[in-house]
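[1] prediction below, plus the sequence it came from.
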Amino acid sequence: MGFPGTWMTESESVVYRVVPKCACSTIGQIMHYSDHGRFFDGDIHDAQEGLHKWALEQSQPKIEANVTAHKSYAFTCVRNPYTRILSSFFDKICGIQRNGKRYRGNLVPLLIQKYGIDVGGPDGQDEFDQIQSFRRFLLFARDSIRWRRPMEPDIHWSAMAGHISTFIINGGHYDKIFWTERFNDGMQDVLDAIETPHAVDLENIPRFNESEGHGPKRAHPVEDYFDDLSMHLVYEIYKKDFLLFQYDAEDPSNKMPVGEIDLDEVHAKLGD
């Protein structure tokens, strides 16, 4: 199985397990900058050089050797499950992707047909009932994650615990897991713990939100999208995420963590 979703700087200063929709574009660009003194020109997910990635065959032996020997500081980043799934909906379901097409080709027509979802017309810019459509999307997300029907779960809305666990199960160990909601504090802790060829001044690093502008703007506060049933579904899908990463399942309006992440507990619970 190896280490899917794992990125490492070419200098091997640091190892990062990507979790989709958790500031991964910004983190990847910071890693690139820390090695090369410049940002990658384009979406860091498209980069074929300047960063070791498990998806690049030539990088795999280097990543595997580093991670299994725990040679470098390893980290990942998490996000509130309510805002993460909502962001996935607006970006991936309602939005037009970088290639000018809908995400995953037939996915959106399937959701329109099977779940009655509206996505705001061909370009996602028409008015539509965002709350109703999102709640129907939640049913689809639950069906795909729980029963793998009508398709396999997508990386952008499958649980963070699942992404994070593959690194542990295959022999990796995290030195730090921090929250997107306290990004600067967490990323600074990582940078303070490693030595990089180029210094990174976090205060002046732009945020590389590659999904911004793909879809319609969210028209309501986060909590308006989640009624009692929606909250139940979200907890059913993301129970481990709420418990391990200390987010508030009872209050969708509170995106901030409510406790500290216990790394030993994460390794014990996700290493089985």
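    Here it is on my side, so go on.
[2] can you show me the CA trace of the longest strand seen in the chain as PDB?
    Looking across the chain with DSSP state E, the single longest strand is strand 73-78. Taking Å, rounded to 0.1, in the frame of the first residue of the first chain, the C-alpha atoms of strand 73-78 are listed here in PDB:
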ATOM      1  CA  TYR A  73       9.500  15.600  10.900                       C
ATOM      2  CA  ALA A  74       6.100  14.400   9.700                       C
ATOM      3  CA  PHE A  75       2.800  16.300  10.000                       C
ATOM      4  CA  THR A  76      -0.700  16.800   8.700                       C
ATOM      5  CA  CYS A  77      -3.500  19.300   9.000                       C
ATOM      6  CA  VAL A  78      -7.300  18.800   9.700                       C
END
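[3] which strands and helices sit next to that strand?
    In terms of contacts (3 or more Cβ pairs under 8 Å, 6 or more residues apart in numbering; DSSP states H and E), strand 73-78 is packed against strand 14-17, helix 160-169, strand 176-179, helix 183-193. In short, each C-beta sits where N, CA and C put it, glycine included.
[4] got the angle for the very next helix or strand once past that strand vs strand 73-78?
    Downstream of strand 73-78, the first helix or strand assigned by DSSP states H and E is helix 81-88. Helix 81-88 runs at 80 degrees relative to strand 73-78, counting by axes from the mean of the first three to the mean of the last three Cα atoms, to 10 degrees.
[5] buried ones in the longest strand of the chain, by neighbour count?
    By 16 or more other Cβ atoms under 10 Å, the buried positions in strand 73-78 come out as 73-78.
[6] helices of the stretch 1-150 of the chain, start to end?
    Taking DSSP state H, counting those that start in this stretch as the test, the helices found in the stretch 1-150 of the chain are 24-36, 60-69, 81-88, 107-115, 130-147.
[7] for stretch 17-29, measure first residue to last.
    Length of stretch 17-29, first residue to last, Cα to Cα, to the nearest Å: 14 Å.
[8] no wait, stretch 29-48
    The first-to-last residue distance of stretch 29-48 comes to 13 Å (Cα to Cα).
[9] need the contact partners of it.
    By Cβ atoms under 8 Å, 6 or more residues apart in numbering, the list of residues contacting stretch 29-48 from outside reads 7, 9-11, 13-14, 16, 24-25, 28, 50-51, 53, 56, 98, 187, 191, 196-198, 200, 202, 205, 208, 210.
[10] okay, now D129: neighbour count?
    For D129, the count of nearby residues is 12 (other Cβ atoms under 10 Å).
[11] if you could redo that for I112, that was the one I meant.
    15.
[12] tell me how far it lies from V190.
    Using Cβ to Cβ, to the nearest Å, I112 is found at 41 Å from V190.
[13] same check on I205?
    Going from I205 to V190 by Cβ to Cβ gives 13 Å.
[14] more neighbours, these two?
    Set side by side, I205 and V190 show more neighbours around V190, with 22 against 16, by other Cβ under 10 Å.
[15] distance of that one from M160?
    18 Å.
[16] can you check E49 too?
    E49 sits 28 Å away from M160 when distances are taken as Cβ to Cβ.
[17] who has more neighbours, the two?
    The neighbour count for E49 versus M160, taken as other Cβ under 10 Å, is higher for M160 (23 against 12).
[18] need the pLDDT of that one.
    Listed pLDDT for M160 reads 98.
[19] what is the mean pLDDT for the longest strand of the chain?
    Mean predicted confidence for strand 73-78 is 98.
[20] ok, that strand: who's next to it in the sheet?
    Strand 73-78 sits in its sheet next to strand 14-17 (parallel), strand 176-179 (parallel), going by DSSP bridges.
[21] contacts for that strand, please.
    Outside strand 73-78, the residues that reach it (Cβ under 8 Å, 6+ apart) are 13-19, 22-24, 27, 67, 160, 163-164, 167, 172-180, 183, 186, 190, 193-194, 241, 245, 261.
[22] what's the ChimeraX line that selects buried ones from those?
    Per 16+ other Cβ under 10 Å, the buried members of the contacts of strand 73-78 correspond to this ChimeraX selection:
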select :13,14,15,16,17,18,19,22,23,24,27,67,160,163,164,167,172,174,175,176,177,178,179,180,183,186,190,194,241,245,261
